[in-house]
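Enquirer: With the input below, show me the fold.
(chains A and B)
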Protein chains: 2
Amino acid sequence: MDLVQGILAGDRLALARTLTQVENGTAEGKSALSLLFPHTGKAHLVGVTGASGTGKSSLVNQLARYYRMPAGESTRRVAIVAVDPTSPFTGGAILGDRIRMRDLAGDPGVFIRSMATRGSLGGIASATSAVVQVLDAAGYDLILIETVGAGQSEVDIARLAHTTLVVEAPGLGDDIQAIKAGILEIADVLVVNKADLPGVENTERALRGSLNLAHPVPHRFIHHGKLEIIPEQSAVSAASEPLWVPPILRTVALDGTGIPKLADAIADHRAHLETTGGWEQRVRWRLQTELDQLLQTTLVEGFRSRLPAGAYEQAVQDMLERRLSPFQAVEKLVDGAGGLITEHT
Amino acid sequence: MDLVQGILAGDRLALARTLTQVENGTAEGKSALSLLFPHTGKAHLVGVTGASGTGKSSLVNQLARYYRMPAGESTRRVAIVAVDPTSPFTGGAILGDRIRMRDLAGDPGVFIRSMATRGSLGGIASATSAVVQVLDAAGYDLILIETVGAGQSEVDIARLAHTTLVVEAPGLGDDIQAIKAGILEIADVLVVNKADLPGVENTERALRGSLNLAHPVPHRFIHHGKLEIIPEQSAVSAASEPLWVPPILRTVALDGTGIPKLADAIADHRAHLETTGGWEQRVRWRLQTELDQLLQTTLVEGFRSRLPAGAYEQAVQDMLERRLSPFQAVEKLVDGAGGLITEHT
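Expert: From the prediction side, this is the model:
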């Protein structure tokens, strides 16, 4: 397949085209994903999340720039995937941000992709996962996955990563702190950006307090996914990963202060994961989530194709008129499709 | 069934017990849901969402108190469902809030349920939906569904409601505004609470600006659900619901200022929905979402029961070693289960 060969050979146009196919879920995109899959598994996936106003995008740009600093063979290729599932309005803002970083955009060792796609959470998470796989196969050594906001959607997307950075900044108010509680559990590295602003000590103290409050054991491997197809197998014990205490680092993304130390912490976390088996565990968790979602889609589509015309709408109507409860409606549909029997096509 | 009869007769203990069964997804809970379903469909479901710090809980309490004011036969029974999916820490805070409202808690016409359950988004949304159904069958005329935060999870839960209030307050900072963009689309009524604080004009102006930016057509009926089982049927055209322009109201929950006008706006929205067919459309959307989720669970569990022992784990291992792509792993599992053929039990 031409596009796939192109990607493996480093053709940026082939890469961009394939990403579009993959994002849109076309047959060509799916086929490319399967062909590229054997070439994945090498990149270090780094999630960067936190509320807007923390200077997260600038931080990501500075990190990318740092990784691209001339260092001979050790210079790494970097991809940035910016995901914003919350709003149709901020797409432009992200783009503007990127356009300002002309030095990055002109670097052939950097690839930037904005995903301002709207839609279901699951959809965005799986589209992001697919995009990251393609970039991984394309040979990017570090893939920075930036998510806007601090809600559950960002948590889910951050779970794609080997290493997750949670970014905070002074002066964002207590309400943000409250939201943070859930997100702290997924943090591998905590960053207080805009550390030149007043109040940085308070922010750091608050983060440290929340960290101590949170369970000391990372929660990542408790399977929160909607579909727990074989719970005994999917729930990898949290206790099996030795303790990593998330460091709290100060940065000023605008002038680059603290970026080298942040890069060191990211490298330390990778080394920790590799030593402890955590790397494989995280990859396993991610692949399993993907398998579950794909299985689910396959089963539902198979069932749907066997449903008599109008049966689904009739079931909804029966529920609406309170003739059938949701459970009874499912039974009726399953009977209408000839039981759960569905031909494998 | 005793519990069900008790609920229909107004027994609060039977109600509380059934809610626990339903929340935990027990067989007894499922059976109660089916038996109660024919008695649902009468309550007005009102979602109340917004960031923490907006005084949302106090507002909900005041609304409940207002609806309970002695007015002869028109006095309505009110239930409050407080959902907090973001954090394990705030459960106590919600409870504290409730305990302070002793006048409400002692009123037999008010029922308060906190759901501090953690877990997957889908799980919380469907548990909330089930709890609301039980309260609806129990004869509560108004069910106030309060969600903490402003992320996608809250949006999904708010979609359960006929009428959605989005609560804002002065002085929460620009970062909150950015998060709001996505949530504004689901607002039927915008509330600026703490309207006695300085900056209320700015907050109101910002909301009005965002409202104008947002599409004038409500987006609720565009099916964002993960499972679009029959897209042509599930995507109810947004244009088919005549325009409702969300009013912006000022309140001071602490002293009750603006609460009567807010209650009027909620009643106006209900009347609007009833006149335009929007009421049935929202109910249909909700029931359909529930049907889709239940179908999905049924299909996955049926498939899982037919899978040979160890097959799933082997597929994950094959993916991990890049021998199978996710698509190939699904094919292998489906073959291993004898195609998509699954007995209907």
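
Enquirer: now the strands for the stretch 1-150 of chain A?
Expert: Ranges of strands in the stretch 1-150 of chain A, per DSSP state E, counting those that start in this stretch, are A:44-49, A:78-83, A:110-115, A:142-147.

Enquirer: Take those strands and write them to a markdown table, including mean pLDDT.
Expert: Listed next are these as a markdown table, based on pLDDT from 0 to 100:
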| stretch | mean pLDDT |
| --- | --- |
| strand A:44-49 | 93 |
| strand A:78-83 | 90 |
| strand A:110-115 | 88 |
| strand A:142-147 | 92 |
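
Enquirer: Need those in a markdown table (columns: mean neighbour count and distance to chain B).
Expert: From N, CA and C alone the C-beta is placed, and that goes for glycine too. Shown next, in a markdown table, are those (neighbours: other Cβ atoms under 10 Å in any protein chain shown; distance: least, Cβ to the nearest Cβ, whole Å):
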| stretch | mean neighbour count | distance to chain B |
| --- | --- | --- |
| strand A:44-49 | 25 | 12 |
| strand A:78-83 | 26 | 12 |
| strand A:110-115 | 20 | 15 |
| strand A:142-147 | 26 | 11 |
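
Enquirer: how about the ones you listed in a markdown table, adding distance to residue A:320?
Expert: Formatted as a markdown table, the strands of the stretch 1-150 of chain A follow (distance: least, Cβ to Cβ, whole Å):
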| stretch | distance to residue A:320 |
| --- | --- |
| strand A:44-49 | 40 |
| strand A:78-83 | 36 |
| strand A:110-115 | 36 |
| strand A:142-147 | 37 |
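
Enquirer: Stretch A:157-166 and chain B, are they touching?
Expert: No: Stretch A:157-166 stays clear of chain B (Cβ under 8 Å from any Cβ of the partner chain), getting no nearer than 10.8 Å.

Enquirer: Contacts made by that stretch with the rest, please.
Expert: Applying Cβ atoms under 8 Å, 6 or more residues apart in numbering or on different chains, the contact partners of stretch A:157-166 are A:44-50, A:83, A:85, A:124-125, A:128-129, A:132, A:145, A:147, A:180, A:183-184, A:186-191, A:220, A:262, A:266, A:269-270, A:273, A:279, A:282-283, A:285-286, A:289.

Enquirer: how about the strands of the stretch 1-150 of chain A, which one is nearest residue A:337?
Expert: Checking the strands of the stretch 1-150 of chain A against residue A:337 by Cβ to Cβ gives strand A:110-115 as the closest, at 35.2 Å.

Enquirer: Report the separation between residue A:246 and chain B.
Expert: The spacing between residue A:246 and chain B, counted by Cβ to the nearest Cβ, to the nearest Å, is 17 Å.

Enquirer: isn't that residue right up against residue A:185?
Expert: No: at 9.9 Å, residue A:246 and residue A:185 do not qualify as touching, with contact defined as Cβ atoms under 8 Å.

Enquirer: count of residues packed around residue A:293?
Expert: 21 (other Cβ atoms under 10 Å in any protein chain shown).

Enquirer: Next up, phi/psi of it, please.
Expert: Per-residue torsions, residue A:293: phi -70, psi -40 (degrees, to the nearest 10).

Enquirer: can you pull the pLDDT of the residue lying closest to it once chain neighbours are set aside?
Expert: Closest residue to residue A:293 apart from its sequence neighbours, by Cβ to Cβ, 6 or more residues apart in numbering or on different chains: residue A:126 at 5.6 Å. Residue A:126 is assigned 76 on the pLDDT scale.

Enquirer: Report the separation between residue A:126 and residue A:135.
Expert: 15 Å (Cβ to Cβ, to the nearest Å).

Enquirer: How about residue A:275?
Expert: In terms of Cβ to Cβ, residue A:275 sits 26 Å off from residue A:135.

Enquirer: same check, this time on residue A:265
Expert: Taking Cβ to Cβ, one finds residue A:265 at 23 Å from residue A:135.

Enquirer: Just give me the neighbour total for residue A:38.
Expert: Residues within reach of residue A:38, counting by other Cβ under 10 Å, total 13.

Enquirer: try residue A:20
Expert: Neighbour count of residue A:20, defined by other Cβ under 10 Å: 14.

Enquirer: And the one 4 residues further on, by the same measure?
Expert: Burial measure for residue A:24: 11 neighbouring residues, criterion other Cβ under 10 Å.

Enquirer: try residue A:247
Expert: Residues near residue A:247, counting by other Cβ under 10 Å: 16.

Enquirer: Kindly state the pLDDT recorded for it?
Expert: With respect to pLDDT, residue A:247 has a value of 94.

Enquirer: What of the one 3 residues further on?
Expert: Looking at residue A:250, its pLDDT reads 97.

Enquirer: May I ask you to confirm that it is in contact with residue A:204?
Expert: Yes: counting by Cβ under 8 Å, residue A:250 touches residue A:204, with 7.3 Å between them.

Enquirer: can you list residues touching both of those two?
Expert: residue A:192.

Enquirer: quick one, domains of chain A?
Expert: Structural domains assigned to chain A are A:1-39, A:41-296, A:307-345, following automatic domain parsing.

Enquirer: which residues touch residue A:269?
Expert: Here residue A:269 is in contact with A:162, A:163, A:188, A:189, A:244 (Cβ under 8 Å, 6+ apart).

Enquirer: go again using 6 Å as the cut-off
Expert: A:163, A:188 (Cβ atoms under 6 Å, 6 or more residues apart in numbering or on different chains).

Enquirer: Give me the more crowded residue out of residue A:265 and residue A:135.
Expert: A count of neighbours by other Cβ under 10 Å puts residue A:135 above the other of residue A:265 and residue A:135, at 28 against 21.

Enquirer: Identify the residues contacting stretch A:195-213?
Expert: A:168, A:170, A:171, A:177, A:184, A:190, A:192, A:248, A:250, A:252.

Enquirer: And the strands in the stretch 151-300 of chain A, which stretches?
Expert: Under DSSP E, counting those that start in this stretch, the stretch 151-300 of chain A gives strands at A:163-168, A:189-192, A:248-250.

Enquirer: and residue A:19, which of those is closest to it?
Expert: Here strand A:163-168 is closest among those (Cβ to Cβ), at 22.6 Å.

Enquirer: and that closest one with strand A:142-147, angle?
Expert: For strand A:163-168 against strand A:142-147, the angle by axes from the mean of the first three to the mean of the last three Cα atoms, to 10 degrees is 40 degrees.
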